[in-house]
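Trainee: quick one, what's the 3D model for this:
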Amino acid sequence: MKNNFYILAICILFASCDFFKKTDNRQPIARVNESYLYKEDIEGIVPEGASVEDSTLMVNGFINRWARQLLLMDGALLNLSEDKQSEFSKLVDQYKNDLYTKAYLEALVKKKIDTIVQLDEAMVFYEANKESFKLNDELLQFRYVGLPINTIDFDSIKTRFRRFNVNDKKYLDSISVQFKSYSLNDSLWVKFSQIAEKIPVVNPENKNQLLKKTNFLQLKDSLNLYLMQVNDVRLQNDYAPLEYVKPSIKQIVINKRKLELIKQLENDITKDAIKNNQFQIYN
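Mentor: As a prediction, this is how the structure comes out:
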């Protein structure tokens, strides 16, 4: 009777273990040693509308990459020394810490950073670092239109283009669909190299003509005729205009503010931790 009691107790114990064991009903599609790849792990890797052949190639490629990575990892764990594995584990931990702290600091900075750079602040930076803003390429403020050679009302267009008052600009904008290409915003600074790339008729032979202030040019090729009005020019080794480099200055100033703010946040976090007894240094 006593033996029957022990047998019954053991059966109940094993039954209890089976009862509390979590069953995994997922469908495995591949195995490497004790690691399994399941059907849900590959969901989303095949784009919608892909053919059966492409889908098969993508899935097989994913499975093979997964398997190779695990096999190499298993091989590494078997063959790398404990010291080397410990070194890598420390690097992984450090990378994780860096990743988390960087994301946290960036979120704090985003909330607190002032991204407005006033003109006077940009001017101070510009004057203090003026030698850094020497040009490697010529800059121009200019406008142009490209027209078919046989354009109707060409004389009227030319007159309006040269005069370029408010009404002229509105008129030219309104008929811009008949231009081959154009740019009427002559307050922007543009590199000569970009102009030469955009306008086929501009070349080294007529470059000097274009690099003259307040100069009007009329050039043509076999198909089109181009009207160009140059308002201002900056040559190589001239200082870049403030308005041209202001976006770069703004980014530099904001990055400097970020570094200063991060340093301040790190100091504040440390001080608060000491104050709240979260951080202590024992002598």
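
Trainee: which non-adjacent residue is nearest Phe88?
Mentor: Leu80 (7.8 Å; Cβ to Cβ, 6 or more residues apart in numbering). C-betas here are computed from N, CA, C, even on glycine.

Trainee: ramachandran angles for the one you found?
Mentor: phi -80, psi 140 (degrees, to the nearest 10).

Trainee: can you tell me how far it is from Val92?
Mentor: 14 Å (Cβ to Cβ, to the nearest Å).

Trainee: can you give me the neighbour number for Asp155?
Mentor: Using other Cβ atoms under 10 Å, Asp155 has 8 neighbouring residues.

Trainee: cool, Pro241 as well?
Mentor: Pro241 is flanked by 16 other residues according to other Cβ under 10 Å.

Trainee: ditto for the one 5 residues further on
Mentor: If you count neighbours by other Cβ under 10 Å, Lys246 ends up with 17.

Trainee: circling back to that earlier point, who has more neighbours out of Leu80 and Val92?
Mentor: Between Leu80 and Val92, Leu80 has the larger neighbour count (other Cβ under 10 Å), namely 13 against 10.

Trainee: CA atoms of stretch 242-252 as CSV?
Mentor: C-alpha atoms of stretch 242-252 as CSV (Å, rounded to 0.1, in the frame of the first residue of the first chain):
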residue,chain,number,x,y,z
LEU,A,242,26.9,85.4,-46.0
GLU,A,243,23.5,84.5,-47.4
TYR,A,244,25.2,81.7,-49.4
VAL,A,245,26.9,80.1,-46.4
LYS,A,246,24.3,80.9,-43.8
PRO,A,247,22.7,77.4,-43.9
SER,A,248,26.2,75.9,-43.2
ILE,A,249,26.8,78.4,-40.4
LYS,A,250,23.4,77.6,-38.9
GLN,A,251,24.2,73.9,-38.8
ILE,A,252,27.6,74.5,-37.3
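
Trainee: would you map the helices across the protein?
Mentor: In order along the chain, the chain carries the following helices (DSSP state H): 2-20, 52-79, 82-112, 119-128, 154-163, 166-174, 192-198, 207-210, 242-275.

Trainee: run through who's touching the shortest one.
Mentor: With contacts defined as Cβ atoms under 8 Å, 6 or more residues apart in numbering, helix 207-210 is touched by Leu140, Phe142, Phe192, Ile195, Ala196, Val202, Asn215, Leu217, Met228, Val230.

Trainee: now tabulate the helices of the chain in TSV and tack on mean pLDDT.
Mentor: Formatted as TSV, the helices of the chain follow (pLDDT from 0 to 100):
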stretch	mean pLDDT
helix 2-20	42
helix 52-79	93
helix 82-112	95
helix 119-128	96
helix 154-163	96
helix 166-174	96
helix 192-198	93
helix 207-210	90
helix 242-275	95
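
Trainee: any chance of those in a markdown table, with distance to Pro28 too?
Mentor: A markdown table is the format used below for the helices of the chain (distance: least, Cβ to Cβ, whole Å):
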| stretch | distance to Pro28 |
| --- | --- |
| helix 2-20 | 21 |
| helix 52-79 | 11 |
| helix 82-112 | 27 |
| helix 119-128 | 61 |
| helix 154-163 | 72 |
| helix 166-174 | 65 |
| helix 192-198 | 56 |
| helix 207-210 | 69 |
| helix 242-275 | 45 |
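
Trainee: so which of these is nearest Arg26?
Mentor: Nearest to Arg26, of all the helices of the chain, is helix 52-79, at 15.3 Å by Cβ to Cβ.

Trainee: chain center to that closest one, what's the gap?
Mentor: The chain centre lies 30 Å from the centre of helix 52-79; the measure is Cα atoms, centre = their mean, to the nearest Å.

Trainee: tell me how far the closest residue to Arg143 other than its chain neighbours lies from Gly44.
Mentor: Sequence neighbours aside, Asp186 is the residue nearest to Arg143 in space, at 4.0 Å (criterion: Cβ to Cβ, 6+ apart). Computed as Cβ to Cβ, the Asp186 to Gly44 distance reads 50 Å.

Trainee: higher neighbour count, these two?
Mentor: Set side by side, Asp186 and Gly44 show more neighbours around Asp186, with 17 against 8, by other Cβ under 10 Å.

Trainee: test my guess that that one contacts Thr214.
Mentor: No - if you go by Cβ atoms under 8 Å, Asp186 and Thr214 don't touch, sitting 11.3 Å apart.
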